[in-house]
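[1] coords below, sequence missing:
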């Protein structure tokens, strides 16, 4: 670990407390992207922490696989799963297996948003209020 005064010290990870949660509906098939990338390798593509929640982007085993999960901390068995639809301008279609690759948060006009980047499309915004368990939503490209 490196402290704020720029000093390094060892941490005994075996003695450290840890917690975990099993993700609901993780990919289970042998499907491969581009004939070499296992679908399961996209189960988690990014994670961000905000206000006591862990946001987890990636794929699920559902028909529309692009998924954003929210898990409150400390972890319990509860997790919210939302499928996120984005029109991919590079392919001129809506892809069902295109997960968020990187994300952050922003506030505009007093409203909280998830700001998401994909491999094949410009930046999109998703109102945090729209992220509800079981919902299927569409992110909006910037500027909109």
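    Sure, I can see it. For clarity, every value in this text was computed on a predicted model and none was experimentally measured. Residues are numbered from 1 along each chain as shown.
[2] now the helices for this structure?
    Counting by DSSP state H, the chain forms no helices at all.
[3] What ranges in it fall below the confidence cut-off?
    142-144 (pLDDT under 70).
[4] who does the spatially most central residue of it bridge with?
    The residue lying closest to the centre of the chain (C-alpha atoms, centre = their mean) is residue 57, at 1.3 Å. In this entry, residue 57 is beta-bridged to residue 46, residue 68, by DSSP bridges.
[5] who's in contact with it?
    Counting by C-beta atoms under 8 Å, 6 or more residues apart in numbering, residue 57 touches 44-47, 67-69, 99-101, 103, 116. C-beta here means a position set from N, CA and C on the backbone, and glycine is covered the same way.
[6] let's see 6 Å
    45-46, 68, 99-100, 103 (C-beta atoms under 6 Å, 6 or more residues apart in numbering).
[7] which one of these sits closest to residue 14?
    residue 46 (27.9 Å; C-beta to C-beta).
[8] For the closest one, give me its contacts.
    Shown in contact with residue 46 (C-beta under 6 Å, 6+ apart): 57, 102-103.
[9] Go again with 7 Å.
    Residues in contact with residue 46, defined by C-beta atoms under 7 Å, 6 or more residues apart in numbering, are 57, 100-103.
[10] between those, which has the most around it?
    Neighbour count (other C-beta atoms under 10 Å) singles out residue 100 as the most crowded of those, with 26 neighbours.
[11] roughly how far apart are that one and residue 116?
    4 Å (C-beta to C-beta, to the nearest Å).
[12] How about residue 79?
    Residue 79 is 19 Å from residue 116, by C-beta to C-beta.
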